[in-house]
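**Q** Please work out how this folds:
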Amino acid sequence: MEPINVMEDFSDVENESLPARRDEDESVLDSARYSPLGEQAWTDPAASIGAELRADAARRLGIAILRLERFLRREECTRLDWDPTRRLGKTFIGEGRRLLRGALSESAAPPCEPTLRSTYRLIGILGNLTTWSAPATQESHAIASFPVAAARDAVAYSRFGGAEIAAQELAYTSMLGFDPLRVRLLLTSSGMTAYALIEAYLLREVLQRQDRILLHPSVYFETRQQIVNLPQFCSCTAAGGSRTDMLAAIASCRPRVVFVDPLSNAADFRAIDMMRLLDEADQICEQDTWFVVDSTLLSGAFDPFAGPRRQRVRVLYYESGCKYLQFGMDLGPAGLVVVEAALSERFEQLRRGIGAIGSDALVLPRASRQAYLNYLRAQTACAQAVARAATVEYSSSARCIIEPVHPLQVSHPDHAEARKYLHLGGVLVFRFARPPLNRRRPLEDFIDLLIDRARSAKLPLTAGVSFGFCVPRIGAAWSSYEVDEAFLRLSAGIDLALAAALGRLVVECAHKFVAKAVH
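**A** Below you'll find the predicted structure:
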């Protein structure tokens with residue numbers, strides 16, 4: 001049997017697998033980062049994104065297979081009672097090699113979402129078979145690490161982070177369009193954990209007793225619950241969701257911290273030109289003011305750290321990582337925080353201390369900045385197509401039953417602000433003209449009808465929470481568990497050919513639903 005050096009790293013494994021993804025052309029990246037929405041043509045994402053994700057999945061699957069094969073060739077795996085792992089590992093390796101020869105081969109058509117999702121899951125399984133949460137530094141007649149990489153004087157708990165987390169953070173930094181020399185991106189275990197990490201920093205380094213915290217009206221309700229229950233601080237909410245409303249509230253409240261969403265998760269679906277807000281706030285703030293920006297709905301649409309350094313405004317950016325960043329595959333909970341490079345060490349320390357790091361077991365996709373923008377722009381194009389079709393459908397009716405709301409509609413009050421972004425995501429809102437129908441129970445009943453009609457029409461559609469999927473998803477959303485008032489939120493997917501039919505179907509079902517409710 002070939003001897004295996006358990007102290008080796010796996011830098012050479014990558015050379016044995018598929019070639020690494022080529023670096024992007026900087027001019028393409030720069031133009032994608034700074035060109036306003038509307039100046040670039042929408043592109044069909046299916047071929048380019050599918051091919052790029054296939055290359056990423058195939059490369060990482062090849063590495064995982066080679067790593068596990070090396071582990072199973074260890075002498076200890078033969079001498080000790082590791083037969084179940086050997087049998088299980090060989091089974092998964094066989095499945096992985098079949099994928100590499102079949103759906104993930106370069107000669108095959110771009111793989112579908114279920115194939116990619118299964119591949120990323122398989123990569124995680126292969127990696128987990130050779131991973132320990134607290135790997136050993138030395139071994140005797142036992143296996144507790146592979147390779148034995150932990151230094152004796154180091155704390156090697158998985159919550160300190162590893163190679164997989166570091167690589168994912170670099171990939172996300174590029175995908176989101178951030179400058180790695182100016183910022184540090186930290187992966188967390190969920191979107192709410194990303195908020196918790198920011199809160200931990202604010203409580204220790206920024207806020208003092210009786211400081212004021214200003215909230216945008218549509219700040220995510222679970223985040224709001226955490227903030228308003230901090231007893232030693234004063235929280236206030238802006239009177240409205242526009243940029244001018246926020247500036248007026250900043251001038252009157254004089255907050256130390258501002259929580260704001262550039263695109264609101266609310267029935268009116270307000271949009272704010274965040275770069276302009278930060279620059280104008282810098283002129284009126286009288287002290288260092290920290291803006292906590294939740295850009296989950298506008299992932300990668302702007303870089304709040306770009307440009308000249310502001311005098312008084314500081315930014316802490318975060319997202320839920322289980323929406324757009326997973327290309328609709330919904331692989332598992334994740335989040336991220338982006339901070340100035342100077343804060344990197346402190347945030348890493350806090351992340352370790354509160355156990356907020358993302359899991360090495362969760363294998364997430366990696367793609368180029370351009371492929372990610374293509375995916376997001378396809379989402380926006382579909383959302384616009386749904387809104388246009390629904391508008392035409394209800395306009396032809398004698399009365400308005402249900403109305404789509406999207407910031408890129410000319411009638412939307414924030415139309416000009418929304419066009420400053422590279423994309424607007426794939427979400428749009430529907431509101432019934434009759435207010436009693438905009439409540440949780442009626443909306444759930446309407447969703448039942450819509451799903452039933454979609455089945456009859458053989459139209460792909462799912463119902464539930466969250467957004468950013470490849471397949472359209474409809475759900476009832478609300479601002480708080482305690483509030484019954486709600487709105488319909490549709491995630492439009494990426495199939496432009498289906499978008500118009502979906503918009504017409506929503507209006508058709510709305511007419512049937514209202515007619516039934518009246519009688």
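**Q** so residue 494 makes contact with residue 382?
**A** Yes: between residue 494 and residue 382 a contact is recorded at 6.1 Å, counting by Cβ atoms under 8 Å. The way it works is simple: take the backbone N, C-alpha and C, and place the C-beta from them, glycine included.
**Q** Which neighbours do those two have in common?
**A** By Cβ atoms under 8 Å, 6 or more residues apart in numbering, residue 494 and residue 382 have these common neighbours: residue 426.
**Q** Pick out the residue nearest the middle of this protein.
**A** Per Cα atoms, centre = their mean, the C-alpha nearest to the average position across the chain is that of residue 321, at 3.2 Å.
**Q** Tell me how far it lies from residue 339.
**A** Residue 321 sits 16 Å away from residue 339, going by Cβ to Cβ, to the nearest Å.
**Q** could you dump the helix or strand harbouring residue 513 to PDB, C-alpha only?
**A** Taking DSSP states H and E as the criterion, residue 513 maps to helix 496-518. Provided in PDB are the C-alpha atoms of helix 496-518 (Å, rounded to 0.1, in the frame of the first residue of the first chain):
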ATOM      1  CA  LEU A 496     -38.300  35.100 -18.300                       C
ATOM      2  CA  ALA A 497     -40.400  32.900 -20.600                       C
ATOM      3  CA  LEU A 498     -42.700  32.100 -17.600                       C
ATOM      4  CA  ALA A 499     -42.800  35.500 -16.000                       C
ATOM      5  CA  ALA A 500     -45.600  37.000 -18.000                       C
ATOM      6  CA  ALA A 501     -47.800  34.000 -17.600                       C
ATOM      7  CA  LEU A 502     -47.300  34.100 -13.900                       C
ATOM      8  CA  GLY A 503     -48.300  37.800 -13.700                       C
ATOM      9  CA  ARG A 504     -51.500  37.100 -15.600                       C
ATOM     10  CA  LEU A 505     -52.300  34.100 -13.400                       C
ATOM     11  CA  VAL A 506     -52.000  36.200 -10.200                       C
ATOM     12  CA  VAL A 507     -54.500  38.700 -11.500                       C
ATOM     13  CA  GLU A 508     -56.800  36.000 -12.800                       C
ATOM     14  CA  CYS A 509     -56.800  34.200  -9.500                       C
ATOM     15  CA  ALA A 510     -57.300  37.500  -7.700                       C
ATOM     16  CA  HIS A 511     -60.600  38.100  -9.600                       C
ATOM     17  CA  LYS A 512     -61.800  34.700  -8.700                       C
ATOM     18  CA  PHE A 513     -60.800  35.100  -5.100                       C
ATOM     19  CA  VAL A 514     -62.400  38.400  -4.600                       C
ATOM     20  CA  ALA A 515     -65.600  37.300  -6.400                       C
ATOM     21  CA  LYS A 516     -65.800  34.300  -4.000                       C
ATOM     22  CA  ALA A 517     -65.100  36.500  -1.000                       C
ATOM     23  CA  VAL A 518     -67.900  38.900  -1.900                       C
END
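**Q** That helix: which residues count as buried?
**A** 496, 498-510, 513-514 (16 or more other Cβ atoms under 10 Å).
**Q** again, but for stretch 435-450
**A** By 16+ other Cβ under 10 Å, the buried positions in stretch 435-450 come out as 437, 438, 439, 442, 443, 446, 447, 450.
**Q** Out of these, which is nearest to residue 314?
**A** Nearest to residue 314 among the buried residues of stretch 435-450 is residue 438, at 37.8 Å by Cβ to Cβ.
**Q** which residues touch that closest one?
**A** By Cβ under 8 Å, 6+ apart, the contact set of residue 438 is 267, 431, 432, 485, 486, 487.
**Q** if you set the cut-off to 7 Å instead, what comes out?
**A** Taking Cβ atoms under 7 Å, 6 or more residues apart in numbering, we find residue 438 in contact with 431, 432, 485, 486, 487.
**Q** Repeat that for residue 132.
**A** Counted by Cβ under 7 Å, 6+ apart, residue 132 has contacts 144, 145.
**Q** what about it, is that helix, strand or coil?
**A** coil (DSSP: H, G, I helix; E, B strand; the rest coil).
**Q** returning to that earlier point: my read: the residue nearest to the centre of the chain touches residue 337, true?
**A** No: the criterion here is Cβ atoms under 7 Å, and residue 321 misses it with residue 337 at 10.2 Å.
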